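K.L.:
Here is my input, please return the structure:
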Amino acid sequence: MTLQFLSFNFLTLLYILDILIAFTIIFLERKNPTSTLVWILFLFLLPGIGVLFYLLLSQNFMRKKMFAFQSPEYKRYFSHLSKEIEDIKEGKLIFNNPELANYKDLILLHQNQSKAYFSQNNQVEILTDGIEKFKELFRQIKEAKSHVHILYFIVKRDSLGEQLINILTEKARTGVEVRLIIDALGNKLLEKDFEPLINAGGKVSLFFPSFLSLVNLKINYRNHRKLVIIDGQIGFIGGFNVGNEYLGLKKSIGYWRDTHLLVRGSAVHEMQIRFLLDWKISSAEELTYSLKYFPQPAVTGQTGIQIVSCGPEAPQEEIKQGYLKMINSAKKNIYIQTPYFIPDESIQEALKIAVLSGVDVRIMMPNKPDHPFVYWASYSFIGDLVKIGVKAYLYEKGFLHAKTIVVDDIISSVGTANFDIRSFKLNFEVNAFLYDREIAQKLQQAFEQDMLDCTLLTFEKYRKRSVLIQFKESVSRLFSPLL
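P.N.:
Numbering: from 1, shown residues only. Take a look at the predicted model:
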């Protein structure tokens, strides 16, 4: 048997595998047509490699009901949502601000699709600087009396990561319940780094851990959420991960511009539920519904909030649908900040319709690529919008990592979801949708302040880009459904 014959048979086997996977994609998984075509192209251009990437990157979670509580206490808690939906539909719900009645359709969307409660008794503080955010976070953790629940996508093995573990260890030693979830691929700490915390009584769980510490069969589906809940009274949600670069200490990146929220009020309970669901998946421990985790808010305000999650287990793309509804409702302006701008066709068309209808649409993204393929794909999509009047701002001061949208100076969203297909379909994300003119105006002011550190990408500048950049854009855009 010659080497040539063996090579021919092996190649034939690879193509048979490609054909079988192609049929699986088309007839069983019912992927988006664009994504389907890209996967088939990838499989047949790179036989063998394409198969490996498909097995690692394209599992289907949509038939799985991953997140659910079984206890009757939780079921009674969720049953209250139907009453809230009826009150809004029948006009019985009294809004703190009468102009919020104009957005009851957005509120209902999140209630019906995401089981997202609408609470109006929240107090919100906006944090845009890493040093400021972690100073406040550590101060609040040190004052914890009952429990500290933490979920991060990335925790680096550096001085900030070490400081977090040390503070959590000290709290665990005093009897405070400490639970820490880190995405397995985002975790940079070693097993020995967790030992002091675990020995002190704290609990640590990695989300979707690797198989035999080498192969992660869920490499494309990561928990990108960032949540901290302290004593059921204080919640942190937003874009910051844990590491020195988020303090602006990495010279190659420079200043790190992000947006995080410190929340007090009933919305913290919704953040708590999100954490406990993720904790159940990653640790197999289901915690009971009790006043310990869901106390009466000690501090309240006037801000309306819904906490909305999305992930590959749900086909609705809940956060994207919220973005779409906000964009389509705009009459005056839309301000978007995102590190990665790879919208699907629905978002791209909605933004085109908005700007052509006279809405002032502004999009800000970094001019410093941390992922080159993603950057050039983003540059391509933003170029399409610049041509028709969208104002595109390229952040030059450092790296812009904020994920925010503000519409008509009154509604806004801050969270972990980027304006890209990965956040809409693949990652587990969580956003706060806020109904408050004062908060929206503060976010808009932050955007306008950041404009001073940006370059305006005009159509003339974009049109004069080099042939090399056009080539990078074309290749990156071709594979954008996989990015």
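
K.L.:
rest of the way, CA atoms for contacts and neighbours
P.N.:
OK.

K.L.:
And the strands in the stretch 51-200 of the chain?
P.N.:
In the stretch 51-200 of the chain, the strands defined using DSSP state E, counting those that start in this stretch lie at 119-129, 147-152, 177-183.

K.L.:
Same list (the ones you listed) but as JSON lines, adding mean neighbour count and mean pLDDT.
P.N.:
Shown next, in JSON lines, are the strands of the stretch 51-200 of the chain (neighbours: other Cα atoms under 10 Å; pLDDT from 0 to 100):
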{"stretch": "strand 119-129", "mean neighbour count": "19", "mean pLDDT": "97"}
{"stretch": "strand 147-152", "mean neighbour count": "23", "mean pLDDT": "98"}
{"stretch": "strand 177-183", "mean neighbour count": "23", "mean pLDDT": "98"}
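
K.L.:
Ile411: which of these is closest?
P.N.:
strand 119-129 (13.3 Å; Cα to Cα).

K.L.:
Now do that closest one: everything it contacts.
P.N.:
95-96, 133, 247, 256-267, 299-306, 439, 443 (Cα atoms under 8 Å, 6 or more residues apart in numbering).

K.L.:
Listing partners with orientation, what would you give for it?
P.N.:
Strand pairing for strand 119-129, using DSSP bridges, gives strand 255-264 (antiparallel), strand 303-310 (antiparallel).

K.L.:
before we move on, back to that, a markdown table for the strands of the stretch 51-200 of the chain, including distance to Leu109?
P.N.:
Below are those laid out as a markdown table (distance: least, Cα to Cα, whole Å):
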| stretch | distance to Leu109 |
| --- | --- |
| strand 119-129 | 15 |
| strand 147-152 | 26 |
| strand 177-183 | 29 |
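
K.L.:
hang on, the earlier thing: closest one to Met365 among the strands paired with strand 119-129?
P.N.:
strand 255-264 (10.8 Å).

K.L.:
Following element in sequence after the closest one, please.
P.N.:
helix 267-283 (DSSP states H and E).

K.L.:
for the record, mean pLDDT for that following helix?
P.N.:
Mean pLDDT, helix 267-283: 95.

K.L.:
tell me the angle of whichever helix or strand Ile334 is part of relative to strand 255-264?
P.N.:
Per DSSP H and E, Ile334 falls inside strand 333-337. With axes from the mean of the first three to the mean of the last three Cα atoms, to 10 degrees as the basis, strand 333-337 and strand 255-264 are set at 110 degrees to each other.

K.L.:
can you list contacts of the following helix or strand past strand 333-337?
P.N.:
Sequence order places strand 341-342 as the next helix or strand after strand 333-337, per DSSP H and E. Contact with strand 341-342 is made by Met365, Val374, Ala377, Ser378, Tyr379, Phe381, Ile382, Asn418, Phe419, Asp420, Ile421, Ser480, as judged by Cα under 8 Å, 6+ apart.

K.L.:
Run me through the strand neighbours of strand 341-342, direction for each.
P.N.:
strand 419-420 (parallel).

K.L.:
Show me what the partner strand is in contact with.
P.N.:
Thr338, Tyr340, Phe341, Ile342, Pro343, Asp344, Lys403.

K.L.:
Quick one, which of the residues you listed are buried?
P.N.:
Thr338, Tyr340, Phe341, Ile342, Pro343, Asp344, Lys403 (16 or more other Cα atoms under 10 Å).

K.L.:
which two from those residues end up farthest apart in space?
P.N.:
Asp344 and Lys403 (16.6 Å).

K.L.:
Which stretches in the stretch 101-250 of the chain count as helices?
P.N.:
In the stretch 101-250 of the chain, helices defined by DSSP state H, counting those that start in this stretch lie at 104-114, 130-142, 159-173, 191-199, listed in chain order.

K.L.:
Who are the packing partners of the longest one?
P.N.:
What it means is helix 159-173. helix 130-142, strand 177-183, helix 191-199 (3 or more Cα pairs under 8 Å, 6 or more residues apart in numbering; DSSP states H and E).

K.L.:
How many neighbouring residues does Val359 have?
P.N.:
When neighbours are counted by other Cα atoms under 10 Å, Val359 registers 21.

K.L.:
which residues touch it?
P.N.:
Ala330, Lys331, Lys332, Asn333, Ile334.

K.L.:
For these, pick the one with the most neighbours.
P.N.:
Ile334 (25 neighbours).

K.L.:
Do I have it right that that one meets Ile327?
P.N.:
Yes - counting by Cα atoms under 8 Å, Ile334 touches Ile327, with 7.0 Å between them.

K.L.:
which of the contacts of strand 341-342 lies closest to Gly232?
P.N.:
Looking across the contacts of strand 341-342 and measuring by Cα to Cα, the closest to Gly232 is Asn418, at 27.0 Å.

K.L.:
how near is that closest one to Tyr246?
P.N.:
Distance of Asn418 to Tyr246, given as Cα to Cα, to the nearest Å: 17 Å.

K.L.:
residue contacts, the closest residue to Glu285 other than its chain neighbours?
P.N.:
Spatially, and ignoring its direct neighbours in sequence, Glu285 is nearest to Trp279 (6.9 Å; Cα to Cα, 6 or more residues apart in numbering). With contact taken as Cα under 8 Å, 6+ apart, Trp279 is in contact with Ile181, Ser205, Glu285, Glu286.

K.L.:
Just name the closest of those to Gln449, please.
P.N.:
Ile181 (34.2 Å).

K.L.:
my guess is that closest one contacts Leu206, does it?
P.N.:
Yes - with contact defined as Cα under 8 Å, Ile181 reaches Leu206; the gap is 5.7 Å.

K.L.:
Between the two, which contacts overlap?
P.N.:
Contacts common to Ile181 and Leu206, judged by Cα under 8 Å, 6+ apart, are Ser282.

K.L.:
before we move on, the earlier item: please save the CA atoms from the strand holding Ile334 in CSV.
P.N.:
Extracted C-alpha coordinates of strand 333-337, given in CSV (Å, rounded to 0.1, in the frame of the first residue of the first chain):
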residue,chain,number,x,y,z
ASN,A,333,-30.1,60.7,18.8
ILE,A,334,-28.3,57.4,19.3
TYR,A,335,-24.9,57.2,21.0
ILE,A,336,-23.1,53.8,20.9
GLN,A,337,-19.8,52.9,22.4
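
K.L.:
got the contact list for Asp453?
P.N.:
Asp453 makes contacts with Tyr395, Glu396, Lys397, as judged by Cα under 8 Å, 6+ apart.

K.L.:
Leu180 now?
P.N.:
His149, Ile150, Leu151, Gly202, Lys203, Val204, Ser205.

K.L.:
count of residues packed around Ile469?
P.N.:
The number of residues near Ile469, taken as other Cα under 10 Å, comes to 12.

K.L.:
Could you tell me which of the contacts of Trp279 count as buried?
P.N.:
If we count by 16+ other Cα under 10 Å, the contacts of Trp279 have these buried: Ile181, Ser205, Glu286.
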